[in-house]
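Peer 1: Quick one: sequence plus predicted model below, questions after.
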Amino acid sequence: MPELPEVETVRRGLARHVVGRRIDDVEVGRDRVVRRTSRDALVHGLRGATVTDADRRGKYLLLGLDTGDAVMIHLRMSGQVLLASSGSERPLHTHVVMHLDDGRELRFVDPRTFGEVVVYDPARIDVELPGVARLGVDPVAEPFERAHLRRIVRGTRRALKPLLLDQHVIAGIGNIYGDEILHRARLRPHRAASSIDAAATWRLHAAVVDVLSDAIDAGGSTLGDAQYVDVAGAGGSYQHEHRVYGRTGERCSTCGRGWIRRIVSAGRSTHFCPWCQR
């Protein structure tokens, strides 16, 4: 699933190429991607509207419209947002097409159809998109203070990995970056959050900020399935910097002494180095 760095990369592409463009027409190929509202609601909400800004909260793309409404795009497991010239061959599983006033198409592609495209009223986001309204702090888009993280970890005995993945606590971190953050912070993923001291909390804070920033700079991580790409269809390169994720059985490239282990934590595959992360 695309996580914060991948979605931020897509957002930046939309900010460069789509903000200021008018949506002249809309095609919807699968009702499942508009299941929260309807095909007609998406078409009528987008047709004739101009995109005024490209925002993001956690893993959600939020595009402002000059009508006062906004459009939410959630990539979920396999979604892609691609910008292409009109008339070019469309990928399989292209479910929404927005025809822009410059002759290009903004396409939402999703083989597994778990993703969504929704027009909503920002003033009613808590009713229309409660999952977005209830997100925790976004560590890239919003102020993310060390003291705030300290309050979070001191207030729970939950294991660190599930805590990082809880979107109501910190928005945007998923399995890949949860593993990489904890490795950089030298913390075991199944350690109780409240057991770490102030120094470890500062390491964790720095790791959250640094890993996400480095991944954004690299355009995100494109894994073997190549499902994540940016708006131009190009993959990211941060997968080459992964220290633990997907490296089960390999020698740790950080310490050179441990071997990467894989466990299941709260139902999720979790990778760590038992030597670095004590």
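Peer 2: Arrived safely.
Peer 1: Any stretches of this structure with poor pLDDT?
Peer 2: Counting by pLDDT under 70, the chain contains no low-confidence range.
Peer 1: Just the CA coordinates for the lengthiest helix in it, please, in PDB.
Peer 2: For the chain, the helix that runs over the most residues, judged by DSSP state H, is helix 198-217. Provided in PDB are the C-alpha atoms of helix 198-217 (Å, rounded to 0.1, in the frame of the first residue of the first chain):
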ATOM      1  CA  ALA A 198      13.200  10.400  26.900                       C
ATOM      2  CA  ALA A 199      16.400   9.700  24.900                       C
ATOM      3  CA  ALA A 200      14.800   6.800  23.000                       C
ATOM      4  CA  THR A 201      11.800   9.000  22.300                       C
ATOM      5  CA  TRP A 202      14.000  11.700  20.800                       C
ATOM      6  CA  ARG A 203      15.600   9.000  18.600                       C
ATOM      7  CA  LEU A 204      12.200   7.800  17.600                       C
ATOM      8  CA  HIS A 205      11.100  11.400  16.700                       C
ATOM      9  CA  ALA A 206      14.200  12.000  14.700                       C
ATOM     10  CA  ALA A 207      13.700   8.700  12.800                       C
ATOM     11  CA  VAL A 208      10.100   9.500  11.900                       C
ATOM     12  CA  VAL A 209      11.100  12.800  10.500                       C
ATOM     13  CA  ASP A 210      14.300  11.700   8.800                       C
ATOM     14  CA  VAL A 211      13.100   8.400   7.300                       C
ATOM     15  CA  LEU A 212       9.900  10.000   5.800                       C
ATOM     16  CA  SER A 213      11.900  13.000   4.500                       C
ATOM     17  CA  ASP A 214      14.500  10.800   2.900                       C
ATOM     18  CA  ALA A 215      11.900   8.600   1.300                       C
ATOM     19  CA  ILE A 216      10.000  11.600  -0.100                       C
ATOM     20  CA  ASP A 217      13.300  12.900  -1.600                       C
END
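Peer 1: Quick one: list the elements packing against that helix.
Peer 2: Under the contact criterion of 3 or more CB pairs under 8 Å, 6 or more residues apart in numbering; DSSP states H and E, helix 198-217 touches helix 4-17, helix 146-154, helix 175-185. C-betas here are computed from N, CA, C, even on glycine.
Peer 1: right, and the helix or strand after that helix?
Peer 2: Next helix or strand after helix 198-217 toward the C-terminus (DSSP states H and E): strand 261-265.
Peer 1: residues making contact with that following strand?
Peer 2: 159, 161-162, 189-190, 248, 269-274 (CB atoms under 8 Å, 6 or more residues apart in numbering).
Peer 1: would you turn the helices and strands packed on helix 198-217 into JSON lines with distance to Asp25 and mean neighbour count?
Peer 2: Converted to JSON lines, those look like this (distance: least, CB to CB, whole Å; neighbours: other CB atoms under 10 Å):
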{"stretch": "helix 4-17", "distance to Asp25": "18", "mean neighbour count": "22"}
{"stretch": "helix 146-154", "distance to Asp25": "44", "mean neighbour count": "16"}
{"stretch": "helix 175-185", "distance to Asp25": "36", "mean neighbour count": "25"}
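Peer 1: Now tabulate these in JSON lines and tack on distance to Glu27.
Peer 2: Formatted as JSON lines, these follow (distance: least, CB to CB, whole Å):
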{"stretch": "helix 4-17", "distance to Glu27": "19"}
{"stretch": "helix 146-154", "distance to Glu27": "43"}
{"stretch": "helix 175-185", "distance to Glu27": "33"}
